[in-house]
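# What follows is a predicted structure for the sequence shown.
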Amino acid sequence: MTRILFLLLLLFTPALRAESGLKILLVVGSGGTEDYTKEFAEISALWVDAAKKGEAAVEIIGLDPPSGEPPSDAEVLKQKLASETSPELWVVLIGHGTFDQREVKFNFRGPDVTDRELATFADAYQGRLALINTASASGSFVRTMSKPERLVITATKNEGEQSYARFGRYFAEALGGIEGGDLDNDEQVSLLEAWLHASRRVAEFYKSEGRIATEHALIDDNGDQLGSRSEWFEGTTPTQTASPEAKPDGDLAAQKVLVKNAFERLLSPEQREKRDGLERQAAELRRSKDKLEEADYYTKLEAIFLELARLYDGVKASDS
């Protein structure tokens, strides 16, 4: 079955082109058992299907038949991160993670990679990076991978949560457009919404099974290496931070969408980047409202909204 799934993925993969400027690099680790190997291949298939809908390029490491010859899967990942030229890259880790009280590792076929090693690999990539680690014991990747303008999502809150993580399947399903994933009803699912949806589904699973939850996902997109829990959000709005001084997470993740709605597809990459920057300015301004004079606050907010209005008028004009 796993072999068949891999062949199906190969059939789809060459047809996927980076029309969106986004590339997804799926890294599939060692399953260890036939059941987990099959599960990881199925999750990979969900990602490939979502990438096709989103017109994103996709590459897969770890599902081809192992040759036993170098380079190893870990070395292939290192080489790809060093040579990748796509302006935006999502690296998705699908598999098992381990922690031996000294080091955290993602389990590849062949030599494993620690969180610190992967952080070094990632620093060679010069574009906009998102790391989505759906493995167990993945929480420490927030500390090692977090940087300004980088998005990090993990299936667990720390390296001690080592039981198999169910987060990955729920996340992939949401990102592809499953019912219930679109929390703000804009007909698309952002990385933030997929993370919130998957976190909720994980909690529901453990509650329905009468079991203590052994995974609590984190998100970090403000570069402070602290991360946030899904319970700290009301809808898609952050209501709590990791410390009184910390900025909220979620602004960047809310703007990362794979399968875009009809209006988003009308925007050029330049228009989208400008819009996203203006929206982040507005969010920051709202959070600092109490520190500003009322007139000053509304003057600055009006300037941002007028700029957004001009941008959207330009989209309508070019479409007509």
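Done, it's in.

# Could you check how many residues crowd around the nearest residue to residue 240 once chain neighbours are set aside?
Nearest non-adjacent residue to residue 240, counting by C-beta to C-beta, 6 or more residues apart in numbering: residue 232, 3.7 Å away. Glycine gets a C-beta too; all of them are placed from N, C-alpha and C. Residue 232 has 17 neighbouring residues, counting by other C-beta atoms under 10 Å.

# In this structure residue 232 contacts residue 241, no?
Yes. Using C-beta atoms under 8 Å, residue 232 makes contact with residue 241 at a distance of 7.2 Å.

# that older thread, what's the distance between the residue nearest to residue 240 and residue 87?
Per C-beta to C-beta, to the nearest Å, residue 232 is found 30 Å from residue 87.

# so how far is residue 69 from residue 259?
Residue 259 is 37 Å from residue 69, where distance means C-beta to C-beta.

# quick one on the thing from earlier: dump the residue contacts of the residue nearest to residue 240.
238-241 (C-beta atoms under 8 Å, 6 or more residues apart in numbering).

# Quick one, which of those are buried?
Buried members of the contacts of residue 232, scored by 16 or more other C-beta atoms under 10 Å, are 238, 241.

# quick check, nearest of the contacts of residue 232 to residue 269?
residue 238 (26.7 Å; C-beta to C-beta).

# dump the residue contacts of the closest one.
Residue 238 neighbours (C-beta under 8 Å, 6+ apart): 228, 232, 248-250.

# Select only the buried ones of the residues you listed in ChimeraX?
Restricted to buried positions by 16+ other C-beta under 10 Å, the ChimeraX selection for the contacts of residue 238 reads:
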select :228,232,248,249,250
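
# Which pair of the contacts of residue 232 spans the longest distance?
The most widely separated members of the contacts of residue 232 are 239 and 241, with 9.0 Å between them, by C-beta to C-beta.

# where does the stretch 51-200 of the chain dip in pLDDT?
Filtered on pLDDT under 70, the stretch 51-200 of the chain yields the residue ranges 67.

# what ranges do the helices span in it?
Taking DSSP state H, counting those that start in this stretch as the test, the helices found in the stretch 51-200 of the chain are 73-83, 115-123, 141-145, 167-175, 191-209.

# what helix or strand does the residue lying closest to residue 222 once chain neighbours are set aside sit in?
The spatial neighbour of residue 222 that comes closest, neighbours along the chain excluded (C-beta to C-beta, 6+ apart), is residue 247 at 4.8 Å. According to DSSP states H and E, residue 247 maps onto no helix or strand at all.

# wait, isn't residue 247 in contact with residue 220?
No. Residue 247 lies out of contact with residue 220 (C-beta under 8 Å); the separation is 10.7 Å.

# More neighbours: those two, which one.
The neighbour comparison of residue 247 against residue 220 (other C-beta under 10 Å) goes to residue 220, with 27 against 17.

# Who does the more buried one form a beta bridge with?
Taking DSSP bridges, one obtains residue 152 as the residues bridged to residue 220.

# Distance check, residue 122 against residue 73.
In terms of C-beta to C-beta, residue 122 sits 16 Å off from residue 73.

# Any idea how many residues pack against the closest residue to residue 84 other than its chain neighbours?
Spatial nearest neighbour of residue 84, excluding adjacent residues (C-beta to C-beta, 6+ apart): residue 125 at 5.5 Å. Residues near residue 125, counting by other C-beta under 10 Å, number 19.
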